[in-house]
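Novice: For reference, the sequence and a predicted model appear below.
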Amino acid sequence: YPGKAPVISFGHGFVMTYDAYANIRDAVVANGYIIAFPTTEGSFSPSHSEFGKDLAFVLREVTALGAQTTSVLYGKTDTNNCVMGHSMGGGAAFLARSYDPSIKAMVTFAAAETTPSAISAASSVNAPSLVFAGENDCVTAPSTNQRPMYDALTAACKHYITIKGGSHCQMAGASTTCSFG
């Protein structure tokens, strides 16, 4: 694509890997975006706070590569950016935006409550936000996870989408770890 591409930092779900999100990667890259998947906090005892910080860090650093003459991304990154995530990564996206107000937008899929609280962090998120919830999510029930996060957002531009018949794991590609959970 000619011109500059917006950058996305995408947070994985609990003990999931980035390859479970090839569906999302392929869709956004085909439409001219750059997407990065931090692979941190993949253990059975992740730090949600550190994952949120990692999402924000990766977003800043990949964007900054557009200004470095020695980078393959020189002149290719736009300052428009977005933090995204699924499940634990969705909750961490709320944390990332609360830590870094320069993040321009947020999109979450079946976001999970975190420690510290993504629901509490949402009150400091005033960036345009899109929250997806699966109607049949039995892992992170919308009524106790995504809906309270959405309701706490202070963004003037925010949307909540319920996927009829959707489940938690349908937000990603086939994943044994997600299905097991």
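Specialist: It's in. Numbering: from 1, shown residues only.
Novice: And the longest helix seen in the chain, what's buried?
Specialist: Counting by DSSP state H, the longest helix found in the chain is helix 48-64. By 16 or more other Cβ atoms under 10 Å, the buried positions in helix 48-64 come out as 48-49, 51-59, 62-63. Yep, even glycine has a C-beta here, placed from its N, CA and C like the rest.
Novice: Show me which of those is closest to Asn145.
Specialist: Closest approach to Asn145 among those (Cβ to Cβ): His48, at 13.2 Å.
Novice: which residue packs closest to the closest one, ignoring adjacent ones?
Specialist: Leaving out its chain neighbours, the residue that sits closest to His48 by Cβ to Cβ, 6 or more residues apart in numbering is Thr114, at 3.7 Å.
Novice: Could you check how far the one you found is from Thr77?
Specialist: Per Cβ to Cβ, to the nearest Å, Thr114 is found 28 Å from Thr77.
Novice: Between the two, point out the one with more neighbours.
Specialist: Thr114 (26 against 21; other Cβ atoms under 10 Å).
Novice: Would you mind listing the residues in contact with that one?
Specialist: Under the criterion of Cβ atoms under 8 Å, 6 or more residues apart in numbering, the contact list for Thr114 reads 48-49, 52, 88, 91-92, 94-95.
Novice: what secondary structure does it sit in?
Specialist: Under DSSP: H, G, I helix; E, B strand; the rest coil, the three-state class of Thr114 is coil.
Novice: so what's it scoring on pLDDT?
Specialist: We have a pLDDT of 98 for Thr114.
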